[in-house]
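1. My questions are about this predicted structure, shown below with the sequence.
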Amino acid sequence: MANVTLTINGQQVTVPAGSTILQAAEKLNIFIPTLCYEPILTRPASCRICVVEVKGSKNLVPACAALARDGMVVETDTPEVIEARRTIIDLLLANHPMDCLTCGRNGDCRLQDYAFMYGVRESSFSGEKHNYPLEDDNPFYIRDMNKCILCGKCVRVCAEIQGNSVIDFTYRGFNTKIAAFMDVPMSQSECVFCGNCVAYCPTGALQEKYLRSHARTWEVQKVTTVCPYCGTGCTLDLNVKNGKVVGVTSTDGEVNGKALCVKGRFGFGFIHHPDRLQQPLIKKDGRLVESTWDEAIQLIATRLGEVKAQYGADAIGFLTSARCTNEENYLLSKLARAVIGTNNIDHCARL
Amino acid sequence: MTNPIADIEGANFILALGTNTTETHPVIATKIKQAVRAGGILAVVDPRQTELARLAHYHLALKPGTDIALLNGLANVILTEDLYNKDFVAERTEGFAAWKETVLKYPPEVVAGITGIAADTIREVARGYARSANATILYTMGITQHICGTDNVLAIANLAMLCGHIGKPYSGVNPLRGQNNVQGACDMGGLPNVLTGYQPVADPDVRAKFAAAWGVTSLPEQPGLTVGEMMEGAAAGKLRAMYIMGENPVLSDPDSTHVVHALEKLDFLVVQDIFLTETARLADVVLPAASFAEKDGTFTNTERRVQRVRKAIEPVGEAKPDWQIICLVATAMGYPMQYGSPAEIMAEIARLTPSYGGISYQRLEQGSLVWPCPSPDHPGTPRLHVGKFARGLGKFHPVEYVPPAELPDEEYPFILNTGRRYFHYHTGTMTLRTGALEEYYAQEHLEINPADARTLGITDGDRVRVISRRGQVEVTARVVDTVPPGVVFTSFHFPEVAINRLTNTARDPVAKIPELKVCAVRVEKIA
Ligand code: SF4
Ligand code: SF4
């Protein structure tokens, strides 16, 4: 493929033909803000926060959509560019609740970042503001359409990644809103609550219900691991606060990218459920009663030893687990075969 | 899977058999939808009109348990219309002539009679599969949970070999495994006849290698019992003790009344789990295990990808990771077993297992590895059978259609089909305790066709009793046309609808998989 060479902020860069100015800038580690842009989605170039100056061009051009051309000279930080970006932020804030103090996405919000970056403290426009009710009709995520900036990422995620096309732009002009067909609550729509739209939302318009109401964004520590449910093996981040898992967020998984399903994203509550077994139990007089580890392990060793002595190793059977790790499955096989001396080991692969 | 999940997106033709992918493997389903959006053709074989079936260009709503007839029928069309890949068959396979004779007995008209699918549809799908540059087959339990499950899988492999749709990108034969680490549990020797990496216990060299590594003089050479055989052994008083780690056979296994009876007969039962499951309640000793969030380790997904599980929090209460518990038990039995961390266990696995030979925690920190990965410098093998089959030549196995073990009759006129729901998982121990999933999907239903419902005087929301020769459950009816007449469907996620009290233990003779997808039942309205 042919390459093109262009200059951005005085630095030369060569990229494959067909690359955008944004991609060329990324190669130089030059920051250009984006809101509606997402590399793996189609590009509407509608938010225009990514505009840059291209020498010889009358208007500012959106870096996410404009292709890099040979000999192009681009400036990303001219006063004109900055002014254009400030105006866009200003307009967005004109119709934004400005309740960052209590917003669950405080500290993890592109709008907030850019307002800070470009020094827009409050909007200079005083116009009508939306006053939509908070949508919390389902246990998984909330929608606060007052915070929606209409970047349309969620619409594209639902259509292009999740493949469900549950939501779209509805109504017109000032009343434009992202909603399910006929503007029904999500719980009455075809939504499957994968939350993939939530993972891509740049503001607080879509928020994980539990996570964002139980932890500030800076309080959580993220641990990358693998989903405990189906065999797809999606990578996810457990969000931990004070030694407790308070939520799951997307990371860039090798299998799944940022996509998860409802179980992986919202099915973590079992971890701290009060029903979790917390102590060994031993059956005494037909009832399971709490015991110490020592007592329980001793009892197992004694009883298994007795059964083996009386009936032989093959009178003992082991079920290993499709839920446990490889290492644990290996060790149970070792326990069965090397310690007890039986090949009676199986699991529910067939079920 | 012979191919990585990512390959699905690039397929021109997808034949999905017995897989309700959008509910059971939702993220894999997104790849199918992406392939379809890019112009790929999707054919779905499923008695029910699943979401995937609604997306498909062809929905082959076959009679439950008639997959082999259908697969042979597809092969028949491809053969007789001369659409098969002659080079591939000549160079890479054997047994073609004998197999061909069997397949010739299945012309589309005959197959239509068995499966209930129109002959022309069979022809179109066969042509589509054969003529596509890349065609992939996906399947799950809908294929394997039959008395002929092994033959079903062979019939699928035959079809793929016939067209040469294997051993190359975007094609292949891809079973989608149900549980997060079911692949790994098999890989690790959690099976009665093999040690890690499918090394047979019957092989003296294998036994000698493991005995030396494990510091014992010998290892048992007779293959052991499968789950079902263990339950029978327990019921018969031959198996006296069981040690169950992280499984809930009381709800997951067929004919659960029998399972409970078998477990109760044991002299001693140990259950190690994160919850007091229906199975754990029967135990003499219950050990509290750590959940996936509380330990380090690895899971191997359905495409053979080994990935790191990382500890995020301390175990709750006095719970311990399963690996530590096993070490304690082994040590108490006079076999000192000690590891500093799961990384050390993996190092031992790698030493003993050729296909995991190159896998280490150090490498996994850089990214996952897909086995076979025989050495530390091996990049892993996302695609199998490229250029050559593992066994050399691919063998065509003639397989014949056999009807399910239990068919409807006058007394039990319906086929009960069981499966999974999107919002839940397996026996529900986790998904019924999340504070979210069970709130949204709180109650199980029995899906029944409107025509059948009318005959039985059942309306949507009525309580009904479902009865088989083995047991019964009560459940709320949901009248939907997504199940065909004569078939009812539900899941096994909810303890209050313990549907496996009804299912049949009849098993596939080779894989020993029970026929959970078909059994005969009667449905009664509860007055
Ligand atoms: S949760 Fe999933 S299905 Fe629902 S709107 Fe968002 S992306 Fe679409
Ligand atoms: S997030 Fe959903 S699709 Fe992914 S592994 Fe978990 S259960 Fe499977």
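-> Perfect, thanks for sending it. Numbering: from 1, shown residues only, chains lettered A, B, ... in the order given. Ligands and ions are numbered 1, 2, ... in the order given.
2. Any idea which residue is closest to the centre of chain A?
-> A:Ser250 (2.7 Å; CA atoms, centre = their mean).
3. Give me the neighbour count for the closest residue to ligand 2 within the stretch 1-150 of chain A.
-> Closest residue of the stretch 1-150 of chain A to ligand 2, CB to the nearest ligand atom: A:Phe140 (13.1 Å). In this view, the C-beta of every residue, glycine as well, is placed from N, C-alpha and C. Around A:Phe140 there are 24 other residues, counting by other CB atoms under 10 Å in any protein chain shown.
4. thinking again about what came up before, now the residue nearest to the centre of chain A: how far from ligand 2?
-> 10 Å (CB to the nearest ligand atom, to the nearest Å).
5. My read is that that residue contacts A:Asn239, right?
-> No: under the criterion of CB atoms under 8 Å, A:Ser250 makes no contact with A:Asn239, lying 11.0 Å away.
6. Roughly how far does the residue in the stretch 401-527 of chain B that ligand 1 sits nearest to sit from A:Cys158?
-> In the stretch 401-527 of chain B, the residue that lies nearest ligand 1 is B:Tyr422 (11.0 Å; CB to the nearest ligand atom). B:Tyr422 sits 16 Å away from A:Cys158, going by CB to CB, to the nearest Å.
7. quick one: which of these two has more around it?
-> Legend: neighbour count by other CB under 10 Å for B:Tyr422 and A:Cys158, higher for A:Cys158 (24 against 20).
8. what distance separates the longest helix belonging to chain A from the centre of its chain?
-> Counting residues, the longest helix found in chain A (DSSP state H) is helix A:293-311. Put simply, helix A:293-311 sits 46 Å off its chain's centre (CA atoms, centre = their mean, to the nearest Å).
9. per-domain residue ranges of chain B.
-> Domain assignment for chain B by automatic domain parsing gives B:5-176, B:182-370, B:414-525.
10. Now these in CSV, please, with extra columns for distance to A:Thr302 and mean pLDDT.
-> Below are those laid out as CSV (distance: least, CB to CB, whole Å; pLDDT from 0 to 100):
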stretch, distance to A:Thr302, mean pLDDT
domain B:5-176, 39, 89
domain B:182-370, 8, 93
domain B:414-525, 29, 86
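11. Save those as a markdown table, and put in distance to chain A too.
-> A markdown table is the format used below for the domains of chain B (distance: least, CB to the nearest CB, whole Å):
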| stretch | distance to chain A |
| --- | --- |
| domain B:5-176 | 3 |
| domain B:182-370 | 2 |
| domain B:414-525 | 4 |
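12. Which one, of those domains, ends up nearest to ligand 2?
-> Comparing the domains of chain B by CB to the nearest ligand atom, domain B:5-176 comes nearest, at 3.7 Å.
13. can that closest one be found next to ligand 2?
-> Yes: Domain B:5-176 is in contact with ligand 2 by CB under 6 Å from any ligand atom, via B:His25, B:Pro26, B:Val27.
14. Could you give the number of residues near the last one?
-> The burial count assigned to B:Val27 is 25, neighbours taken as other CB under 10 Å.
15. Got phi/psi on it?
-> Here the main-chain torsion angles of B:Val27 (degrees, to the nearest 10) amount to phi -80, psi -30.
16. Looks like it contacts A:Val262 (just checking).
-> No: if you go by CB under 8 Å, B:Val27 and A:Val262 don't touch, sitting 10.9 Å apart.
17. Tell me who's in contact with B:Gly457.
-> If you count contacts by CB atoms under 8 Å, 6 or more residues apart in numbering or on different chains, B:Gly457 has them with B:Lys525.
18. same deal with B:Arg131?
-> With contact set as CB under 8 Å, 6+ apart, B:Arg131 has these partners: B:Leu83.
19. mind redoing it with 10 Å?
-> By CB atoms under 10 Å, 6 or more residues apart in numbering or on different chains, the residues touching B:Arg131 are B:Asn12, B:Phe13, B:Ile78, B:Glu81, B:Leu83, B:Cys163.
20. Make a markdown table from the residues you listed and add secondary structure, distance to ligand 1 and neighbour count to it.
-> Rendered in a markdown table, the data for the contacts of B:Arg131 read as follows (DSSP: H, G, I helix; E, B strand; the rest coil; distance: CB to the nearest ligand atom, whole Å; neighbours: other CB atoms under 10 Å in any protein chain shown):
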| residue | secondary structure | distance to ligand 1 | neighbour count |
| --- | --- | --- | --- |
| B:Asn12 | coil | 26 | 19 |
| B:Phe13 | strand | 26 | 25 |
| B:Ile78 | helix | 38 | 22 |
| B:Glu81 | coil | 41 | 13 |
| B:Leu83 | coil | 39 | 15 |
| B:Cys163 | helix | 35 | 24 |
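21. Next, count neighbours for residue 112.
-> In the absence of a named chain, this looks at chain A. Here the count is done by other CB under 10 Å, and A:Gln112 has 18 residues near it.
22. let's do chain B instead
-> The burial count for B:Ala112: 18, using other CB under 10 Å.
23. Check which helices and strands the host helix or strand of it is in contact with.
-> Per DSSP states H and E, B:Ala112 falls inside helix B:108-115. For helix B:108-115, the packing partners by 3 or more CB pairs under 10 Å, 6 or more residues apart in numbering or on different chains; DSSP states H and E come out as helix B:67-80, helix B:119-131.
24. after the shortest one comes which helix or strand?
-> The one in question is helix B:119-131. Beyond helix B:119-131 toward the C-terminal end (DSSP H and E), the next one is strand B:135-139.
25. for the first one, same thing?
-> Towards the C-terminus, the helix or strand next in line after helix B:67-80, according to DSSP H and E, is helix B:86-92.
26. Which parts of the stretch 201-350 of chain A are helices?
-> Assigned helices in the stretch 201-350 of chain A, in chain order: A:209-214, A:262-266, A:293-311, A:326-334 (criterion: DSSP state H, counting those that start in this stretch).
27. Which one of these lies nearest to ligand 2?
-> Using CB to the nearest ligand atom, those put helix A:262-266 closest to ligand 2, at 2.3 Å.
28. can you tell me if that closest one touches chain B.
-> Yes: interface with chain B: helix A:262-266 contributes A:Val262, A:Lys263, A:Gly264, A:Arg265, A:Phe266 (CB under 10 Å from any CB of the partner chain).
29. can you give me the mean pLDDT across that helix?
-> Predicted confidence along helix A:262-266 averages 94 (mean pLDDT).
30. Please see if it touches ligand 1.
-> No: if you take CB under 6 Å from any ligand atom as the test, helix A:262-266 misses ligand 1, and the best it gets is 8.0 Å.
31. tally of neighbours for B:Met188?
-> B:Met188 has 31 neighbours, counted by other CB under 10 Å.
32. For it, which residues are in contact?
-> Shown in contact with B:Met188 (CB under 10 Å, 6+ apart): A:320, A:324-334, A:347, B:181, B:194-197, B:298, B:300, B:349, B:353, B:356.
33. Since that was my last question, I'll sign off now.
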